[in-house]
Structure formats: structure tokens, C-alpha cells
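Engineer: requesting a structural model of the entry that follows:
(one chain, ligands or ions: 1)
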Amino acid sequence: MEKTFNLTRREDGIALLVMDVPGETMNTLKAEFADEVTQVLEEVKADSSIRGLVLISGKADSFVAGADIGMLDACKTAEDARELSAQGHKVFAQLEGLNIPVVAAIHGACLGGGLELAMACHQRVCSDDKKTMLGLPEVQLGLLPGGGGTQRLPRLVGVTKALDMMLTGKQIRPTQALKMGLVDDMVPFSILEQTAIEMALKGNRPRRKPKLPVMSRILEGNGAGRNIIFDQAAKQVLKKTQGNYPAPDKIIDCVRQGLDKGMDKGLQVEAAHFADLVMTPESAAMRAVFFAITEMKKETGAGDTEPKPVKKAVVLGGGLMGGGIASVTTTKAKIPARVKDINENGLSNALSYAYKLLDKRVKRRHMRATERDQLMALMTTTTEYKGVKDADIVVEAVFEDLNLKHQMVKDIERECGEHTIFASNTSSLPITQIAEAAQRPENVIGLHYFSPVDKMPLVEVIAHAKTSPETIATTVAFAKKQGKTPIVVQDCAGFYVNRILALYMNEAAQVLLEGQSVENLDKALVKFGFPVGPMTLLDEVGIDVGAKISPILEKELGSRFVAPSAFDKLMADDRKGRKNGKGFYLYGDKAPKKGKKVDETVYSVLGINAGAAQEHNQISRRCVVQMLNEAARCLEEGIIASPRDGDIGALFGIGFPPFLGGPFRYMDTLGSRRLVEILEGYQHQFGDRFAPCDMLKKMAEQDEKFFPEV
Ligand SMILES: C[C@H](O)CC(=O)SCCNC(=O)CCNC(=O)[C@H](O)C(C)(C)COP(=O)(O)OP(=O)(O)OC[C@H]1O[C@@H](n2cnc3c(N)ncnc32)[C@H](O)[C@@H]1OP(=O)(O)O
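Structural biologist: Numbers count the residues shown, from 1 in each chain. Sure thing, here's the model as predicted:
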């Protein structure tokens, strides 16, 4: 049987321990490796000619991506998970206990259990490569670092920085890792192995104390000071998680107990908390999201059809969306983009959008100025159709007007090649209608980005009946290169994301009209787990945008989309939200210096007395079940291909709470029978907009699930 850990002895007395999981793209830690590692370490101990050990990965571009998440998923009981953690502790202690220098040579992803492994080594050196990232992302899976990370990290970099890393799951770049003492050296990849060997030859240096700012040193040095840090962290966590995520508090507890009562106790607590977390529904949901994303990375969106290469893109319109699309095309996908706008303002806007983002990275020393300039050179501009002939894809982000879009289709068919894809970033117009003007409708597709384009991870790829599989596969591949997670959806008004969002927002507006305060409404949905409440979201997106989309959805999809009268009243008062400084909240000079304040005049505009104080969970349930019902309807109608795509669309496009795993997984948690009962109750009380869709009603008869295997 092929081994994962291979030991090679060098003449200078250094042994290389190369980790290379056979047949897998990335190294992950699995329970079955424990015996193999123990055996290798025994061999090292027994060989007095070995003066030092260098641990390195045999994979080209990664160190170790953590414990095998599939293995964690397979745990049947908390005891299974506790044993995994305890076993990891034992093996890492054997490594740390070697009385020769042990150096980890890190290149590529060094995450979770991978970083815990590296921290059990006596020294660490990493490559300065962009691929090298260090972090403990377990919290993003609803877990905590269960391989000693909660104990070794604070001892290495200090409590404050360790908590920050573990509570956010953020990934640390090489320069930052060196600065904070997470690694002892950073070198070019070409000399990584040699440097690690030299470090091992030089022998162990006394462990450096973490370099801390004065205040942190004072606080971290004693129990009372640390308590202040822990209490502060717990408060911040609660504000962020609203108590919906169990992992962060447990992370804080592990660190606290480990520093107060010693490493052994800390590891015991870590294993126990880790085990409990593995069994939580929150972690199961977040792990499912990881598997879904991994699966989607491999899909073309069009079965076996392979994408065609995209060597050049054109973006029509240099506004907020066009600028963002051009920016991710050049800076992330590194594909030349030519921006076409009818006026120079649009063009300079697109250029400055990209420049500002890149320059921020230069200022933070994440990028060299020369690299910024090289990337900027990929973006060119034109007010006429010059230099567009060889474009493989054109993304239009012009004004939402069907005639204008038709003009764009005709222009592109005239000015570009026969193969050129025409991708529309429309958020409301059916792609079928846009394609009506095309001579080559097979090249026409929707590519719906979310604002702000550089931050929002989702795109909807919308195929109409005549879109060719090549066009779908090429557009999906193009979006992935831009760093996006694409879901392929069928053509209908609102596509998937805006369609389910619209009903949720409409319901929130109904609740508001019943006399709920704006704050209470927003708080209810934030407590449920959304990043912002619906009123804040409306202010950010633009109340006018919501008001414009509603009639289109109503016309195409029926009366359940009728917008509450609130929208008309707000539009009559010229309330567009943040963009014109007039919305549900105060902006500009009237806004408080810290936090937000409701613009109380909005109540008189709406003609309501905001005195009702419904319970938060009642408010959130009413809004959320509307979203759930519509998501199920989208699956029923084939708008989305699977519950998985529906979950990812809502998580990445709307910020549906990750701990619930997405609307479909949440519907499974509620149970189809229970959900239909709730919907019918509301239907009785508020009308037919709550009528459960046929699919849910059928599922309720058998109490069926969307993910039967769960
Ligand atoms: C006890 C410990 O404290 C607990 C833990 O360590 S929990 C795990 C913590 N680690 C993580 O969360 C990292 C998860 N992995 C990632 O984020 C990303 O895979 C990555 C950033 C490392 C690389 O991303 P990318 O280059 O796009 O590659 P990606 O397609 O995701 O992964 C490549 C392969 O590695 C697998 N993989 C990566 N990390 C994995 C993990 N931790 N467990 C299982 N499989 C993993 C993927 O499933 C995929 O498998 P495939 O080739 O068979 O499809």
C-alpha cells in the first residue's frame, strides 16, 4: 500500500518527512494516518544519525488543508469526534516531543489541522508565494480547532491575535504571518526546502515570545487582564452571531481554560467542545455548504460540454455594475477587458473602480505597485466600438431598458465575431426577450451580478430556451475565473434570487404597515441571522429599485407579488434610500456619528403609528416562510436545478444565515409538514399570498425532505 508519510535521510543528518496523500489533490488529515505517523516518529527516534526533521508537503501547491471534513461528517456520536481530536493531540505531542529540531516547510494552503500540525513543529518557514495562506477556518464550519490550535496559537502569537484568527477564520498571508510570529521565516519557494534544512541544522532556538503592543502585553500577562480580553471578545461575538452560532463561545472557553489551568486541561476542554460542535446541526449545515461549493467548482453548468477559452472581454457601460464587472475581469480573472461607454465619465468611473481596489491592496502591502499597474493595463476604454472585434464575451451593464438592450445585441452582432457571447447583467428583464433581437440567440445569456460586484460571491447564469450549451459552459467558466460561484438558472422574471427576496421584502413591508417600528423589524431579521434587516437592505439597494422590480414580478408571476402600498408612498416622497440620503434611516449630517437612527418622518409618510411590538421570532417567521415557499416553487418550476443550487444562491446572493445551510436545508429542519401548516395558518390570516406551493403540499403528505440522506 502506498504510504502518506515518506521519510528520506540526507547525508547532512536531516531527514525529510514528505506528506503526500496518495490519489488526492490536497493533503488532509485522516484518522488512519495516526499509526503511520507514530511508526515514522519511532523510526526517527531510534536513528541517532538523524539530527533534525523537516516536514514538507509532496503536493505541488498546498501544504495541508486541514482535517478531512468528510471524516468529521462520518462521526456518528460525539465520542467518535472526541476520539479523533484526542488522537490528533497525541500524535502532535509525539512530534513536538522529539528531541531533535523539527521544522515545517509551508507552501500553499496551511489551514485548520494543517496549521495545527505546523504549530506542533518547533519552527516554521513559509514561502512568500501568493498561494501560501495560513489560518484556522474551523469556525466557518461551525467548529473549533480541535488539533491543539486553541492552545498552541495563543502561546505563539498572543491571546488577542489568536482569538481574532480563530473567531473570524481569516487566512493570513506570509508577510503578516512572519510579522505576528506565526512563522519564523519567509523565503521564496525555490529555497524553501533548503532554508528549512538549514534551520534544522542550526538547531532549535529558544521559542520567541510573541511581539505584542504594550497594552496587549499588560493585559495578556495576567488572569484578570485576560478576563477583560475574553469578556470583550464574547461581547463582540454575541453582537455578530446573535447567539446563533455555538462555536465562538466555545473557542473562547478553550483558550481561557488552557491559559488559566494549563495546556493539558486546555486540550481536554478542546476535545470535548470540538466533539459537541461536530454533532451540532449548525456545523452539519455549514459542512454541507463546503461540500456543495467543492462540487460546484467542478461543474461546467452544461453537463459534458467544455467551455471555450475567453481571452478578451468587453463590458458595455462603465457605471457601478459595469465598473465592478470590468474590475473583477481584469484583476481576478486577469482577462483583458475593454469598457465601452457613451461618455467619458463612465469610462473613468470604471477605471477608478478597479484602481481604488488595487491601490488599497498596494497600501496594505498585499501587492506591489508594479503589479497594480500591470493589472490596470489590462483594462482599456472606448466610446466607440473600437478594439472589440476579437472579444470572446461581451457583458452588458447598461440601463434597464429593453429597447436599449436590443440595440446592444444588434451592435455586438455587427461589431464582434460570430462566436462572441452576449451576456446581459439585467436583474429584471427576461433573457428570452433580450434574445429576440438576436440573429444568433444561442450566444445570448444572462449573467446577473450582485452589488457590490467585487464583494458579492454569487452570479446567476441565466439560460433561455435557445442558449447553447457552449455559451453556458463558457460563461460559467468565465464567472468562476472572476472568483464567483455561479448557479445556472432558467429564465423567468426575477430569476431565482430576486424572486425569493422580493416576497420576503414585501412581507417585511406589510409588517411595517401594520405598525411595527423599522428598528424592531430590522432587529428581528438580524436576530434570525441575516447580515442586515430588510429595511436597511432596501435603503442600501434603493427603494426605487424595489419599487421598479415589483410590478414586473407581479405581471409575470402573479398577484402574490403585489407590492404593498408602502412603496408608492415612499416613492411619492422621493425616498430612494442611501443614494439620495432619504430613506428609512437618517443619512449625511442628520445621521448620528455612531450607529444608525431611524428617520421618524417615514412613519407619517406611511401613515402609521409605529407602536406595535411583535415578538422578533413572529416577525422573522412571517417574512422567511414567504422566501421558503417561493424557493420551493422555483425548484418546482425548474428555475433552479437542485435544492443545493437554491441554498447556495440564497446564502451567497442574499446572506441567508449560513448556520441554517440555506432555505432548502432549513425547510428540511422545519419539516415539510410543519412548514405547510405554518403557511396555511398565515394564508387563513393574511390571504392567498401564503398559499403553499404544490411541491410542498405533496412533500408534506409524506413528510418528505429535499435532502433525504440527511
Ligand atoms: C481538527 C481540525 O481542527 C479540524 C479541521 O481542520 S476542519 C478543516 C479546516 N480546513 C478548511 O476548512 C479548509 C477547507 N478547504 C478549503 O477551504 C479549500 O479547499 C482550499 C482553500 C484549501 C483550496 O481551495 P481550491 O484550491 O479551490 O481547491 P478545492 O477544489 O476546494 O479543493 C481541492 C480538493 O481538496 C478537497 N479538500 C480541501 N480541503 C479539504 C478538507 N479539509 N477536507 C476534505 N477535503 C478537502 C476538496 O474536497 C477537493 O477535493 P476533490 O479534488 O476530490 O474535489
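
Engineer: what are the buried residues along the worst-scoring helix or strand of the chain on mean pLDDT?
Structural biologist: Taking mean pLDDT, DSSP states H and E as the measure, the helix or strand of the chain with the lowest value is helix 214-220, at a mean of 84. Within helix 214-220, the residues scored as buried using 16 or more other CB atoms under 10 Å are 216, 219-220. To be clear about C-beta, it is placed using only N, CA and C from the backbone, and glycine gets the same treatment.

Engineer: for stretch 43-55, same thing?
Structural biologist: Using 16+ other CB under 10 Å as the burial criterion, the residues of stretch 43-55 that qualify are 44, 50, 52-55.

Engineer: and the residues you listed, which two are the farthest apart?
Structural biologist: In those, two members sit farther apart than any others by CB to CB. They are I50 and L55, at 13.1 Å.

Engineer: what's the distance between Y496 and S604?
Structural biologist: Taking CB to CB, to the nearest Å as the criterion, Y496 is separated from S604 by 37 Å.

Engineer: what about the residue in the stretch 201-350 of the chain positioned nearest to the ligand, neighbour count?
Structural biologist: Residue nearest to the ligand within the stretch 201-350 of the chain: T294 (4.1 Å; CB to the nearest ligand atom). With neighbours defined by other CB atoms under 10 Å, the count for T294 comes to 10.

Engineer: you'd agree S550 is up against L501?
Structural biologist: No: using CB atoms under 8 Å, S550 is not in contact with L501; the gap is 11.5 Å.

Engineer: apart from its chain neighbours, what residue comes closest to V278?
Structural biologist: With CB to CB, 6 or more residues apart in numbering as the criterion, V278 has its nearest non-adjacent residue at 3.8 Å, and that residue is A81.

Engineer: so what's the residue count around that neighbour?
Structural biologist: The burial count assigned to A81 is 25, neighbours taken as other CB under 10 Å.

Engineer: related to what we said a few turns ago, turn the buried residues of stretch 43-55 into CSV, including distance to Y449.
Structural biologist: Supplementary listing: those in CSV, determined by distance: CB to CB, whole Å:
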residue, distance to Y449
V44, 53
I50, 55
G52, 51
L53, 49
V54, 45
L55, 42
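
Engineer: P486: what secondary structure?
Structural biologist: Three states are possible here, and by DSSP: H, G, I helix; E, B strand; the rest coil the one that applies to P486 is strand.

Engineer: ok, it - how many residues close by?
Structural biologist: Residue neighbour count, defined by other CB under 10 Å, stands at 26 for P486.

Engineer: wait, what's in contact with it?
Structural biologist: Taking CB atoms under 8 Å, 6 or more residues apart in numbering, we find P486 in contact with 296, 301, 458-461, 475-476, 479-480.

Engineer: got a winner among the residues you listed for most neighbours?
Structural biologist: Taking other CB under 10 Å to define a neighbour, the member of the contacts of P486 with the most is V459, carrying 31 neighbours.

Engineer: quick check: which element contains that residue?
Structural biologist: V459 belongs to strand 458-463 when assigned by DSSP states H and E.

Engineer: now do the buried residues in stretch 369-385.
Structural biologist: Residues 372, 375-376, 378-381, 385 are the ones in stretch 369-385 that count as buried (16+ other CB under 10 Å).

Engineer: now do the domain split for the protein, please.
Structural biologist: According to automatic domain parsing, the chain comprises the domains 5-279, 313-490, 497-702.

Engineer: in its sheet, what does the strand holding V459 sit against?
Structural biologist: Applying DSSP bridges to the sheet, strand 458-463 is found paired with strand 444-449 (antiparallel), strand 485-490 (parallel).

Engineer: average pLDDT for it?
Structural biologist: For strand 458-463, mean pLDDT rounds to 97.

Engineer: give me the contacts around that strand.
Structural biologist: Residues external to strand 458-463 that are found in contact with it (CB under 8 Å, 6+ apart): 301, 431, 445-450, 471-472, 475-476, 479, 482, 484-491, 495-497, 648-649, 652-653.

Engineer: what about the very next helix or strand once past it, distance to the chain center?
Structural biologist: Heading C-terminal from strand 458-463, the first helix or strand you meet, by DSSP H and E, is helix 469-481. Chain-centre distance of helix 469-481: 20 Å, with CA atoms, centre = their mean, to the nearest Å.

Engineer: next, see if stretch 328-340 gets close to the ligand.
Structural biologist: No: contact check for stretch 328-340 against the ligand, using CB under 6 Å from any ligand atom: none in range, with a minimum separation of 13.4 Å.

Engineer: so which bits of that stretch are buried?
Structural biologist: For stretch 328-340, the neighbour count (16+ other CB under 10 Å) marks 328-331, 333, 335-340 as buried.

Engineer: and for stretch 393-402?
Structural biologist: Along stretch 393-402, these residues count as buried under the neighbour rule (16+ other CB under 10 Å): 393-398, 400.

Engineer: farthest pair in those?
Structural biologist: Farthest pair in the buried residues of stretch 393-402 (CB to CB) is I393 and E400. Separation: 20.4 Å.

Engineer: wasn't the residue nearest to V278 part of a strand?
Structural biologist: No: with three-state DSSP as the criterion, A81 is located in helix rather than a strand.

Engineer: does it touch H273 like I think?
Structural biologist: No: under the criterion of CB under 8 Å, A81 is not in contact with H273, lying 10.3 Å apart.

Engineer: picking up where we left off before, next, format the domains of the chain as CSV and append distance to R287.
Structural biologist: As requested, the domains of the chain are arranged in CSV below (distance: least, CB to CB, whole Å):
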stretch, distance to R287
domain 5-279, 5
domain 313-490, 17
domain 497-702, 9
